[in-house]
Every structure is written in structure tokens, then in C-alpha cells.
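Visitor: Need a 3D model of the sequence below.
(one chain, ligands or ions: 3)
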Amino acid sequence: MSTVIKNGTIVAADRSYEADILIEGETIAAIGVDLKGDTVVDAEGAYVMPGGIDPHTHLEMPFMGTTAAETWESGTAAALSGGTTLVVDFVIPGEAGMLAALDDWEAKASRQASSDYSFHMCVTGWSKNHFDEMEKVVGKGINTFKHFMAYKGALMVNDDEMFASFQRCASLGALPLVHAENGDIVAALQQKYLSEGLTGPEGHAYSRPPEVEGEATNRAIMIADAAGTPVYIVHTSTEQAHEAIRRARQKGMRVYGEPLIQHLTLDESEYFNQDWDYAARRVMSPPFRNKAHQDSLWAGLSAGSLQVVATDHCAFTTDQKRTGLNDFTRIPNGTGGLEDRMPVLWTRGVETGRLTPNEFVAVTSTNIAQILNIYPQKGAILPGSDADLVVWDPKLGKTIAAATQKSIIDYNVFEGVEVRGLPRYTLSRGELVWQHGKNDAPRPGRGKHVARKPFAAASKALSVWKEITAPRAVTRSAQHMPIGV
Ligand SMILES: NC(=O)NCCC(=O)O
Ligand SMILES: [Zn+2]
Ligand SMILES: [Zn+2]
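Guide: Ligands and ions are numbered 1, 2, ... in the order given. Here you go, the predicted model:
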């Protein structure tokens with residue numbers, strides 16, 4: 001059974017060109033002119049792009065005394081409807097450790113996912129068991145480990161733990177990821193504002209000023225450098241954090257930065273809304289920032305100092321948010337965006353000229369696949385690549401509304417935003433899984449786990465360089481030593 005996508009313009013990260021795409025089974029068989037297949041997908045007037053990859057989601061994540069309400073079933077269906085064909089979700093180990101948690105995540109995902117999925121593992125403490133388990137986790141196809149510098153008393157790790165874990169990552173060919181906020185300062189500021197009677201959602205933003213993110217980002221980068229590993233900073237939201245990343249990259253360090261679609265387009269004024277529910281629904285860490293920070297993030301994407309746009313989709317219902325009615329520190333942290341990342345980025349990025357269509361593909365798919373070591377299986381339109389493709393129609397539009405979304409959450413932080421540019425069709429491993437106007441049902445159980453091999457090149461390059469430049473004892477002959485001391 002073959003499919004041919006005809007009459008479209010292929011938009012890859014490096015170029016745009018007109019050609020047909022022939023799909024046989026789950027992969028791309030050929031790219032060329034006048035290709036024939038059993039089924040024809042019409043891409044007239046549309047762009048054909050690699051399916052989006054969201055490198056940062058938390059589906060059904062147990063967090064802050066509750067569980068994120070977006071399920072694997074609803075979340076991955078929402079992703080496909082917005083052109084995202086692969087989600088990479090964070091496994092949070094409990095008492096039973098990393099491998100047991102991975103089994104839990106795999107069970108939930110394999111039963112429910114309509115799209116493909118992959119995992120990052122979180123390191124939330126440090127012991128011989130962590131050290132040992134990390135190798136087994138890498139053996140199961142996970143090459144990224146996330147560290148939280150915030151959430152004191154819960155997920156947070158200290159510098160010594162992070163340094164040990166980063167060294168372990170380096171020796172395993174894995175990439176450390178970091179949630180970079182100074183957790184000690186956040187905890188102190190939270191107590192200060194609460195004690196002053198400032199209990200509303202705006203307190204969340206006040207207790208996480210840009211400097212706490214800038215400081216932690218810089219510290220994480222320095223620790224990574226000392227450990228001899230590249231590092232990936234998740235949800236980069238400020239100029240201070242971006243500056244630290246830029247500076248490090250200029251020095252030759254392999255540091256990656258990931259802005260979220262929320263931080264690029266929504267600002268801190270949301271927390272000052274009169275309606276408590278409205279403001280609380282937007283509580284996430286880091287919080288939304290001002291326009292100057294947004295400009296910095298957009299500039300980073302076009303200049304290449306920031307590489308990736310994600311969502312950090314961690315969606316709680318309004319009822320769940322109300323846990324923090326009298327105490328903003330108890331509002332579950334997280335917002336949604338899986339369904340809207342690509343259309344909002346296209347509208348606010350490409351339609352405004354901030355990004356080219358090729359840059360759009362780079363930051364939503366190709367760069368992510370390269371950084372996560374799954375290129376060109378994912379993130380590419382090449383013979384042999386998985387046929388994860390989006391036929392993107394720049395003329396289709398809609399107004400984002402919770403009432404019509406695929407997500408099961410009772411609100412949408414992008415409510416009322418008018419987008420132009422939507423998937424006409426989404427294909428996942430050759431299968432047509434979304435057609436505009438048809439409201440395709442989820443297909444739980446069709447999504448497959450995407451295993452990711454350890455990194456060879458960057459780790460080897462860094463370890464060779466570290467060895468060449470390692471501190472060495474100076475060998476001194478007797479005649480250069482003090483006598484009689
Ligand atoms: N970002 C957020 O507020 N919630 C999800 C957990 C995290 O990534 O920090
Ligand atoms: Zn985080
Ligand atoms: Zn997150």
C-alpha cells in the first residue's frame with residue numbers, strides 16, 4: 001500500500017522546493033516529480049513539512065499533590081490535530097526508582113497514544129542507585145536526563161548532585177536537561193510574599209523574577225562545562241537566561257535553549273487579571289514575562305542562539321488550579337499548548353516575518369530531532385525517514401477556543417487567538433491521522449515508542465578535549481625542589 005503526496009512545496013529546514021513524496025508502508029520511499037501511488041494526498045497550495053516534535057510534555061504527570069489532567073489519549077490526539085507527530089515526555093521517578101517509573105509511563109503511553117512518543121528521565125536525587133539506574137535507562141532508549149534546580153523540597157537537586165549526575169551523563173553519552181531557576185531564592189520569595197498577605201496568582205510571578213532564571217541558567221552551564229558535557233536548558237523565558245546561553249555558545253560550549261510558545265506570545269499582564277481563575281490557569285514556571293523578554297526569545301530563534309520551540313504541556317483543570325485559592329504556592333504549575341504550538345508559532349512567527357518557513361521547520365522539528373539524536377528518522381523529509389508529515393495550509397484559519405479544542409482541559413490559555421496556517425492533513429508513519437474538517441477520532445494504541453541512542457560525536461569530542469586540557473601535575477626534578485625543608 002503506497003501513498004503519494006502531490007503538488008505541494010516541500011519545506012525543509014535547509015530549503016524549499018516543489019516535489020512529490022512517495023510513501024511505502026511507514027517510511028518515505030522517494031521524492032521526485034510525477035510519482036505514482038495507490039492513494040493520492042493533495043497538497044496543492046500547501047507546504048509539506050516534517051511532522052512537529054514537541055520535546056517537552058508532561059501528560060498525566062503526578063505533580064504538586066495532583067496529576068496533570070491531560071491524558072496520553074487526549075494529549076496525543078490534540079498534538080496530531082495541530083501538526084505534532086512526536087511528543088517527548090518526562091518520566092518522574094517515585095520511591096521505586098527510575099526503571100519502575102519508566103514502566104508506568106510506558107504502560108500509559110502504549111495503551112493510549114495516537115502519536116509516537118519518546119521519554120526523558122528526571123534525576124530528582126543522587127545515590128549509587130541513581131548512578132546504576134542511569135545506565136539501564138540509557139539501555140532502554142533514553143539519552144536525556146532532566147534536573148530541576150527549582151521545586152525545593154520536592155524535585156529540586158543541589159549543585160553537587162547535579163555535577164555528579166552531569167558527569168554520569170557525560171560518561172554514558174547522555175544529554176543533561178535543566179529546569180533553571182534558583183529554587184532557594186524562589187522558596188524565600190514565596191514565603192516573603194505570602195507573609196505580606198500577597199496570596200494571589202500574581203505572587204507566583206513576583207516570586208520568580210528573571211534574575212533567578214538567569215543565575216541558575218548560568219550556573220547550570222558552568223556545572224556542565226566542569227563536567228564536560230553539553231547541556232540543554234528547558235523553557236528559557238528571559239533575556240538573562242538567553243544571554244547566559246549566548247555567551248556560552250560564543251565560547252564554543254554546546255548549550256541549547258528551548259523557549260516555549262507560551263513565553264513567546266503571552267505576557268505577565270495575564271497574572272494581574274481581575275478574574276482569579278483566569279490568572280491561576282496561567283500559572284506556570286517560569287512565569288510569563290514582558291515584551292522585552294519576548295523580543296529576546298524571538299531574536300534568539302532567528303539568530304540561532306535558541307534552537308527549539310516547545311510547550312511544556314502540563315495541563316490542569318480549573319478545579320485543580322483552585323487548590324491554591326488562598327496560597328499561590330499551591331496552584332499546580334503548568335499550562336497547555338500541544339495543539340496550538342505550530343499554528344500560533346506560524347501566525348506570530350512566519351506571518352509576521354520573524355521566522356522564515358524553513359526556520360519554522362527547524363525550531364519545531366529538525367533541530368529537535370538532531371539535538372535528541374533521532375535525525376533523520378524523525379525531523380526530515382528524506383528517503384528512509386519515517387513518513388511523519390504535515391500538509392500545512394497557510395490559508396486555513398481558526399479562532400482558538402476551549403469549546404472546540406481536542407484537549408480535555410476546560411480552558412485554553414490561547415483562547416480567542418486567531419491563527420492562520422493549520423494542518424490540512426497530518427500523517428504519522430505513513431498513516432493519515434488528521435484531516436482538516438473531518439474531526440478524526442483519537443487512535444489510542446497506534447503510537448510507538450521512539451528509542452534514542454546515546455550521543456557519540458559531541459560526547460567524544462568533549463571528552464577528547466577535556467583529556468587534552470585536563471589539569472596535570474608538574475614533574476619537577478630534584479634540582480628544582482627546595483632542599484632541606
Ligand atoms: N513548567 C511548569 O510549570 N510545570 C511543569 C513542570 C516543569 O517543567 O517545571
Ligand atoms: Zn520545568
Ligand atoms: Zn516541564
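
Visitor: Could you check stretch 173-187 against ligand 1 for contacts?
Guide: Yes. Stretch 173-187 reaches ligand 1 (CB under 6 Å from any ligand atom) through H179. Quick note: C-beta positions are derived from backbone N, CA and C, even for glycine.

Visitor: Over to stretch 140-153?
Guide: No. Using CB under 6 Å from any ligand atom, stretch 140-153 stays clear of ligand 1, with a minimum separation of 6.7 Å.

Visitor: Endpoints of that stretch, how far apart?
Guide: Terminal residues of stretch 140-153 are spaced 29 Å apart (CA to CA, to the nearest Å).

Visitor: now stretch 239-259
Guide: Using CA to CA, one end of stretch 239-259 lies 11 Å from the other.

Visitor: Same check on stretch 169-183?
Guide: Per CA to CA, stretch 169-183 runs 22 Å from first to last residue.

Visitor: next one: stretch 116-133
Guide: Using CA to CA, one end of stretch 116-133 lies 25 Å from the other.

Visitor: Going by neighbour count, list what's buried in that stretch.
Guide: 116-124, 126, 130, 133 (16 or more other CB atoms under 10 Å).

Visitor: Mind listing what's buried along stretch 23-40?
Guide: Within stretch 23-40, the residues scored as buried using 16+ other CB under 10 Å are 23-24, 27-29, 31, 35, 37.

Visitor: mean confidence for the host helix or strand of M121?
Guide: For M121, the element it lies in under DSSP states H and E is strand 116-123. Across strand 116-123, pLDDT averages out at 98.

Visitor: So the lengthiest helix in the chain, near ligand 1 or not?
Guide: With secondary structure taken from DSSP state H, the chain has its longest helix at helix 210-227. No. Using CB under 6 Å from any ligand atom, helix 210-227 never reaches ligand 1; the gap is at least 11.8 Å.

Visitor: What of stretch 280-292?
Guide: Yes. Stretch 280-292 is in contact with ligand 1 by CB under 6 Å from any ligand atom, via 284-285.

Visitor: about what we covered before: if we look at the longest helix of the chain, which residues are touching it?
Guide: Helix 210-227 is contacted from outside by 147, 149-150, 159, 162-163, 166-167, 169-170, 176, 178, 180-183, 185-186, 189, 230-231, 233, 236-241, 243-245, 248, 253, 255, 286, 289, 293, using CB atoms under 8 Å, 6 or more residues apart in numbering.

Visitor: so of those, which ones are in helices?
Guide: Among those, DSSP H puts 159, 162-163, 166-167, 169-170, 183, 185-186, 189, 239-241, 243-245, 248, 293 in helices.

Visitor: List buried members of the residues you listed by neighbour count.
Guide: Buried residues within the ones in helices among the contacts of helix 210-227, counting neighbours by 16+ other CB under 10 Å: 162-163, 166-167, 169-170, 183, 185-186, 189, 239-241, 243-245, 248, 293.

Visitor: Up against ligand 1, what does this protein have?
Guide: Going by CB under 6 Å from any ligand atom, the residues of the chain near ligand 1 are 58, 179, 284-285, 312, 314, 333-334.

Visitor: Can you list the low-confidence ranges for the stretch 351-485 of the chain?
Guide: Counting by pLDDT under 70, the low-confidence segments of the stretch 351-485 of the chain come to 458-459.

Visitor: ok, 80 please
Guide: The stretch 351-485 of the chain contains residues with pLDDT under 80 at 439-440, 457-466, 485.

Visitor: do the same with the stretch 201-350 of the chain
Guide: Within the stretch 201-350 of the chain, no range satisfies pLDDT under 80.

Visitor: Start from the N-terminal end of the stretch 1-150 of the chain and give the helices.
Guide: 72-81, 98-112, 128-139 (DSSP state H, counting those that start in this stretch).

Visitor: mind putting these in JSON lines, mean pLDDT included?
Guide: Shown next, in JSON lines, are the helices of the stretch 1-150 of the chain (pLDDT from 0 to 100):
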{"stretch": "helix 72-81", "mean pLDDT": "98"}
{"stretch": "helix 98-112", "mean pLDDT": "98"}
{"stretch": "helix 128-139", "mean pLDDT": "98"}
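
Visitor: Make TSV from these and add distance to V361 to it.
Guide: Shown next, in TSV, are the helices of the stretch 1-150 of the chain (distance: least, CB to CB, whole Å):
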stretch	distance to V361
helix 72-81	17
helix 98-112	26
helix 128-139	29
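
Visitor: Kind regards, and thank you for your time.
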